[in-house]
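S.K.: output the structure for:
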Amino acid sequence: MAKFQVRGFEEYERALSRLGGQTEEIAKQGVYVAAKIVADAIKDALKGLPVVEGDIKGLPPVGTPESPLTGVSRKQKEDLIDSMGIPPIEMNHDGYIETKIGWDGYGSIPTKKYPKGVPNQMLIRSIESGTSFRKKNPVIRRAVTKSKKAAIEALNAEIEKAIGKEMK
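M.R.: Predicted structure coming up:
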């Protein structure tokens, strides 16, 4: 009969045990790295939005169904870039670790309808999906699609790096 003897299993078991306690933190770090790549791609895409000047008072341009807007004012573009961010990475109710990329606050140009300024979320949604007075420009969708592969590769690399570090 053959006899097999395996040594060093206890050390491997201890490393796996330490790794198990850090799973959520490692996954969150991987998600953050991926989200940052996607967020940077979206910011770059926002910088490429066409600029349409408004009136001499500095108000944003106004579109109509007959002549829809194709861009945003310089200030609106700045507001969108500045208000974009990644909220805290958390585990959802289904056990998935996730985050979103979003816009917060209001634009810096008050209007009659929006005295605090146009909500940045509403502005980006109108750019992305189009409205009766604005042509559709799916800038987010294109940026996400373009950066998705790099983000997944970076997430995998970050997690593998953390696992490799712990398993040594």
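
S.K.: only C-alpha atoms from now on, for both contacts and neighbour counts.
M.R.: Will do.

S.K.: excluding its backbone neighbours, what's nearest residue 141?
M.R.: Leaving aside its sequence neighbours, residue 141 sits nearest to residue 128 (C-alpha to C-alpha, 6 or more residues apart in numbering; 7.8 Å).

S.K.: and the one you found, how many neighbours?
M.R.: Residues near residue 128, counting by other C-alpha atoms under 10 Å, number 18.

S.K.: what comes up buried for the particular helix or strand that has it in it?
M.R.: For residue 128, the host element (DSSP states H and E) is helix 120-129. For helix 120-129, burial by neighbour count (16 or more other C-alpha atoms under 10 Å) applies to 120-121, 123-124, 126-128.

S.K.: give me the mean pLDDT for it.
M.R.: In this model, helix 120-129 has a mean pLDDT of 96.

S.K.: who touches it?
M.R.: With contact meaning C-alpha atoms under 8 Å, 6 or more residues apart in numbering, helix 120-129 is reached by 71, 79-80, 83, 102-107, 134-141.

S.K.: go again using 7 Å as the cut-off
M.R.: Outside helix 120-129, the residues within contact range by C-alpha atoms under 7 Å, 6 or more residues apart in numbering are 80, 103-107, 136-140.
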